[in-house]
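Q: okay, structure incoming, though there's no sequence with it:
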């Protein structure tokens, strides 16, 4: 455990980076997924192949050229190929992507993600950026990991709009003709929840350091499946925290501890 003070974002990124196995292909969404996969590449999985919506194939994410967008030219640093968006999205369609990593404004108990709007679609209270490539990632990657900051208003029983499909409902995505992939887990600064393959709902897997089960439940708009044993996630190490700050020195994506 590090003596350095860490932020909720750094907690999420460190835990997410440990989640990926080496020699896998990861389609990276914008925001925290950028730093999480960069940290994984540096510390735990040097042979992962990162793919960005803009067409970059297997770049090396650099603190000097940290990408601000999946379509940013900086995402191409040391890439083995700069393809088109059509090409890399076709990798998804052809089953080449092991993990898709996305974030969102709302997520529900079935792993559906909303990045379109909050409220009634005819007169929304908040307009959000929209899908980008997130729908393609969630629909077609073999496994989907959602990483996001934890606020109760964002964890709802039913999203206002399904931008990126999870299990859809208790019947599962296959019953809605989504034949590829599945939502694997959601990781926040409070917990790791995985999706039960039978019930299709979020199941508590592990809590972040210092978080109680009641604290997690108080910050969810739905009731998750609670197993007999809930694990605890190891806190960020000093090496992880320092590397995160080297990757994102200006705090573009990852807010630091105050």
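A: Ah, there it is. Computed from a prediction, not measured in an experiment: that's the story for all the values here. Numbering: from 1, shown residues only.
Q: CA only for contacts and neighbour counts going forward, please
A: Fine.
Q: contacting residues for residue 162?
A: Shown here is residue 162, whose contacts under the criterion C-alpha atoms under 8 Å, 6 or more residues apart in numbering are 112, 113, 114.
Q: which residue packs closest to it, ignoring adjacent ones?
A: residue 114 (5.3 Å; C-alpha to C-alpha, 6 or more residues apart in numbering).
Q: circling back to that earlier point, who wins on neighbours among the contacts of residue 162?
A: residue 113 (31 neighbours; other C-alpha atoms under 10 Å).
Q: tell me the contacts of it?
A: Residues counted as contacts of residue 113 (C-alpha under 8 Å, 6+ apart) are 103, 104, 105, 106, 107, 159, 161, 162, 163, 164, 165, 166.
Q: quickly list what the nearest residue to it once chain neighbours are set aside is bridged to.
A: Closest residue in space to residue 113, ignoring its immediate chain neighbours: residue 107 at 4.6 Å, by C-alpha to C-alpha, 6+ apart. Under DSSP bridges, the beta-bridge partners of residue 107 are residue 113, residue 155.
Q: residue 107 contacts residue 163, correct?
A: No - when contacts are counted by C-alpha atoms under 8 Å, residue 107 is not listed as touching residue 163 (10.1 Å).
Q: quick check: neighbours shared by those two?
A: With C-alpha under 8 Å, 6+ apart applied, the overlap between the contact sets of residue 107 and residue 163 consists of 113, 114.
Q: these two: which is more packed in?
A: Under the criterion of other C-alpha under 10 Å, the comparison of residue 107 against residue 163 puts residue 107 first, with 29 against 22.
Q: before we move on, the earlier item: ok, the residue nearest to residue 162 touching residue 164?
A: Yes - with contact defined as C-alpha under 8 Å, residue 114 reaches residue 164; the gap is 6.6 Å.
Q: in the one helix or strand residue 244 maps to, what counts as buried?
A: For residue 244, the element it lies in under DSSP states H and E is helix 238-247. Taking 16 or more other C-alpha atoms under 10 Å as the neighbour-count basis, helix 238-247 is seen to contain the buried residues 240, 241, 243, 244, 245, 247.
Q: ok, now stretch 245-258?
A: Neighbour count says stretch 245-258 has 245, 247, 248, 249, 253, 254, 255, 256 buried, by 16+ other C-alpha under 10 Å.
Q: next, count neighbours for residue 184.
A: By other C-alpha under 10 Å, neighbour count at residue 184 equals 21.
Q: for residue 224, see how far away it is.
A: If you measure residue 184 against residue 224 using C-alpha to C-alpha, to the nearest Å, the figure is 15 Å.
Q: same check on residue 246?
A: Separation of residue 246 from residue 224 (C-alpha to C-alpha): 36 Å.
Q: one more: residue 236?
A: Remark: distance between residue 236 and residue 224 (C-alpha to C-alpha) = 25 Å.
Q: more neighbours: those two, which one.
A: Taking residue 236 and residue 224 together and counting by other C-alpha under 10 Å, residue 236 has the greater number of neighbours (23 against 18).
Q: per-residue confidence at that one?
A: Confidence at residue 236, expressed as pLDDT, is 96.
Q: that one is in contact with residue 11, isn't it?
A: Yes - taking C-alpha under 8 Å as the definition, residue 236 is a contact partner of residue 11 at 6.2 Å.
Q: returning to that earlier point: what about the residue nearest to residue 162, distance to residue 217?
A: Residue 114 is 21 Å from residue 217, where distance means C-alpha to C-alpha.
Q: same thing with residue 63?
A: Distance, residue 63 to residue 217, by C-alpha to C-alpha: 37 Å.
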